[in-house]
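1. I'd like to go over a predicted model; first the sequence, then the structure.
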Amino acid sequence: MNLIILTTPNFLPDEAEALTALLSHGLYRLHLRKPGCTEAELDALIRQLPPVYYSRISLHDHSPLQARYRLGGIHLNSRNPDVPAGFQGLISRSCHTLGEAARYAPLTDYYFLSPIFDSISKQGYRAGFTEQQLRQAAEQGIINEKTIALGGVTADKLPYLASLGFGGAAFLGDIWSGYHSREDIPDVIEHFLKLMGRGFR
């Protein structure tokens, strides 16, 4: 399974340092998701990250920055539904129904299906699928190696996701809920390495 980490929507203290630490410890893919930020704010964050890791970064907003820094991926969503002209990297997409997943899977390298579990970062954001629906989707091939589980994912749920055939999991609240500053980076990395020991690549 592949492990993906999303940034929090808001900017965090010493965030670039924390993101660099995750990438340097083997993070497969980082998604920069800051829906309310300006292009200048996101540009400033990207410039603080080592260029050697740019190929492992996917962008959710302000697509001109992808070309400027040659970032490795573009993530499509309701705000940004179209692939930029001439883009050559990885394409991912947000899907919130199984119908969307079936529609967009052939057009993407991988896609997020959410919310799989009750959200950690969004209070009141409940799981969007029953176990029966997920198992049926797996039997139909809708859930496969291109499907990334998002929403309330924690380490103890990984065997269940693997049993359904998910290709990976995306983490947000589970990674960032206890982070406040660079002093928390060692704890973030310790938690990340435990996740990596659960069969991720």
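-> Right, received. Where do you want to start?
2. Please, where are all the helices along the chain?
-> For the chain, the helices defined by DSSP state H cover 15-24, 39-47, 64-69, 98-104, 131-139, 158-164, 173-176, 185-196.
3. Of those helices, flag the one that's most buried.
-> Mean neighbours per residue, mean count of other Cβ atoms under 10 Å, is largest over the helices of the chain for helix 173-176, with a mean of 20. Backbone N, C-alpha and C define where each C-beta goes, glycine included.
4. helices or strands next to that helix in the packing?
-> The helices and strands touching helix 173-176, judged by 3 or more Cβ pairs under 8 Å, 6 or more residues apart in numbering; DSSP states H and E, are helix 185-196.
5. same for the helix it packs on, what does it pack against?
-> By 3+ Cβ pairs under 8 Å, 6+ apart, helix 185-196 packs against strand 2-6, helix 15-24, helix 173-176.
6. Can you show me the CA trace of it as PDB?
-> Extracted in PDB, the C-alpha atoms of helix 185-196 (Å, rounded to 0.1, in the frame of the first residue of the first chain):
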ATOM      1  CA  ILE A 185       8.600  16.900  14.600                       C
ATOM      2  CA  PRO A 186      10.300  13.900  16.300                       C
ATOM      3  CA  ASP A 187       6.900  12.600  17.500                       C
ATOM      4  CA  VAL A 188       5.500  13.100  14.000                       C
ATOM      5  CA  ILE A 189       8.400  11.200  12.400                       C
ATOM      6  CA  GLU A 190       8.100   8.400  15.000                       C
ATOM      7  CA  HIS A 191       4.400   8.000  14.200                       C
ATOM      8  CA  PHE A 192       5.100   8.100  10.500                       C
ATOM      9  CA  LEU A 193       7.800   5.400  10.800                       C
ATOM     10  CA  LYS A 194       5.400   3.200  12.700                       C
ATOM     11  CA  LEU A 195       2.900   3.600   9.800                       C
ATOM     12  CA  MET A 196       5.700   2.700   7.300                       C
END
